[in-house]
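# Give me a 3D structure for the following:
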Amino acid sequence: MEMRGNLYENSNVFSTGNRPYSEASEYSYDDVYVNEQNAETDQTRSTKKPMKTASGTNTSGSRCSRLTAVCLGLLCVLLLIVIIVMWITITAERDQLCTRCNVTNQEKLSAIELNARQGWVYFNSKFYYISPINKNWTDSREECRNRGADMVIITSTEEQIFTAALTGSNTAWIGLTDTEEEGVWTWVDGTALTTRYWNENEPNNLGNNENCAETGSSEKKGWNDASCCAERMWISRTSEGPATTSDDCAVIPTSESTSACVTANILK
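This is a model prediction of the structure:
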């Protein structure tokens, strides 16, 4: 009996560490249960964390998309504003240009109409005037200057045809002379003669006294050299509007030109 009692006591004192066996078993079950709960909790956390991360990424992505859309919208609005401003500016400038063109055209038409009453003819952006009376070359040029123009300079076939039509069956002085140097013909503006429309065998300086050029009715070869003291009609030309003159105001020729021709006539 005593041995059994000892065995029973020894069996009761089996433990893990210093605890009895029964208590050790109970605690081990509890530990397993707790560990399982901890494991499940850890697994749940590890499973939820990626979900949180994915949700956060989606939120950031949606925010970026919304921000991009807003920026694009603002850019479109700004572009539309710029286009509208440019259109308004271009339209305003076009209207101003049209207004200026209309005013310029009206002024030009008014000038053409006004000058046409005084005998001026408009051709290729220039005004031409052929005199109804005859004068020597020097006085004729003085008349042109008093009208805000100068003697005609012919530099193209079209202009030669036009001036020939102005003269009709008559001849008229043009702004060409070789008074400075015999045989070297220059225009009244100082430029050298390059395009020529001389008659056949002209210029011939007949009598060594033909230093001024006249044009006739021939469209291609109508020029002739003549004495500057001879009296002819003349043709004036200006690129700008000619000066307004009154038909009642006679232009008095300069004494120098008149005396020169008078002296030449006396010598003859």
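
# Would it be right to say that Thr176 lies in a strand?
Just to correct that, residue 176 is Leu rather than Thr. Yes. According to DSSP: H, G, I helix; E, B strand; the rest coil, Leu176 belongs to a strand.

# Show me the helices in this protein, by range?
Using DSSP state H, the helices of the chain run over 2-12, 21-117, 137-146, 157-167, 255-267.

# Quick check: chain neighbours aside, which residue is closest to Trp223?
Leaving aside its sequence neighbours, Trp223 sits nearest to Trp198 (C-beta to C-beta, 6 or more residues apart in numbering; 4.6 Å). All C-beta spots, glycine's among them, are computed from the backbone N, C-alpha and C.

# Let me fix that, I meant to ask about Gly168.
Ser217 (6.2 Å).

# One more: Gly207?
Ser227 (7.8 Å).

# List the residues that contact that neighbour.
With contact set as C-beta atoms under 8 Å, 6 or more residues apart in numbering, Ser227 has these partners: 207, 209-212, 264.

# quick revisit: could you tell me the backbone phi and psi angles at the residue nearest to Gly168?
Dihedral pair for Ser217: phi -90, psi -10, per degrees, to the nearest 10.

# Please apply the same query to the one 5 residues further on.
Backbone geometry at Gly222, expressed as degrees, to the nearest 10, gives phi -120, psi 10.

# my read: it touches Ala213, true?
No. With contacts counted by C-beta atoms under 8 Å, Gly222 stays clear of Ala213, the gap being 10.2 Å.

# If you count surrounding residues, which of the two has more?
Neighbour count, other C-beta atoms under 10 Å: between Gly222 and Ala213, Ala213 has more, with 26 against 23.
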